[in-house]
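Chemist: just the structure for this:
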Amino acid sequence: MMCHESVPTHIERPHSMSATPTSQTRFVPHAEGDTHAVMGDPMRFIVTAEHTRGGYALAEQIVRPGNGAPPHIHHNEEESFYILEGTILAVADGVEHRLNPGDFIHVPRGVVRSFTNIGDTDARLLIQHCPGSAAGFYIAMGKLPFPPDLKDIKALGDQYNIEIVFPQP
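Modeler: Below you'll find the model as predicted:
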């Protein structure tokens, strides 16, 4: 899964162009990778923008029952979720989606989204961000005390152009 602003339909490759990739192949064995507690749940970064020349980031997150992400907007990134285990209620642009294992949802940048594990057991999901700049936000969130104050999350989000959407009074 790779994201680009636009994808050409045909690319000319000069005969003199080297076939050597500009980044290194990355192999991440099961259960390895950099893991950080995000909102109290482990998020394992499989690849980040550093590994993909900025193209995308991919993480596996385990989400406890009742936990998830508050309403927020990624102004720079597309965000996709693929459910491996459990049941997630995702809300995107005000529409609820009940996600079960094997289900996938893609949320474009600029759209309010949130998700909650509505099951009785831990949920496990893959989360992809395109481009991969959002990984820094989640890694920094892992350094906040748990439970984090929403104002601290908002201040951090401001640094990464991720807007936390507070309930209207």
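
Chemist: contacts, neighbours, all on C-alpha from now
Modeler: OK.

Chemist: residue ranges with poor pLDDT in the chain?
Modeler: Where the chain drops to pLDDT under 70, the residues are 1-23, 168-169.

Chemist: can we see that at 90?
Modeler: 1-24, 30-33, 39-40, 142, 144-151, 153-154, 166-169 (pLDDT under 90).

Chemist: quickly list what residue 107 is bridged to.
Modeler: Judged by DSSP bridges, the bridge partners of residue 107 are residue 79.

Chemist: my read: it touches residue 82, true?
Modeler: No - distance between residue 107 and residue 82: 11.7 Å, which falls outside the contact criterion (CA atoms under 8 Å).

Chemist: list the buried residues in the longest helix along the chain.
Modeler: Ranked by residue count, the top helix of the chain under DSSP state H comes out as helix 150-160. Neighbour counts over helix 150-160 (16 or more other CA atoms under 10 Å) mark 153-154, 156-157, 160 as buried.

Chemist: now the helices for this protein?
Modeler: Under DSSP H, the chain gives helices at 135-141, 150-160.

Chemist: any chance of those helices in JSON lines, with distance to residue 114 too?
Modeler: What follows is these, written out as JSON lines (distance: least, CA to CA, whole Å):
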{"stretch": "helix 135-141", "distance to residue 114": "15"}
{"stretch": "helix 150-160", "distance to residue 114": "14"}
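
Chemist: out of the ones you listed, which gets nearest to residue 93?
Modeler: Of all these, it is helix 150-160 that lies closest to residue 93, at 18.9 Å by CA to CA.
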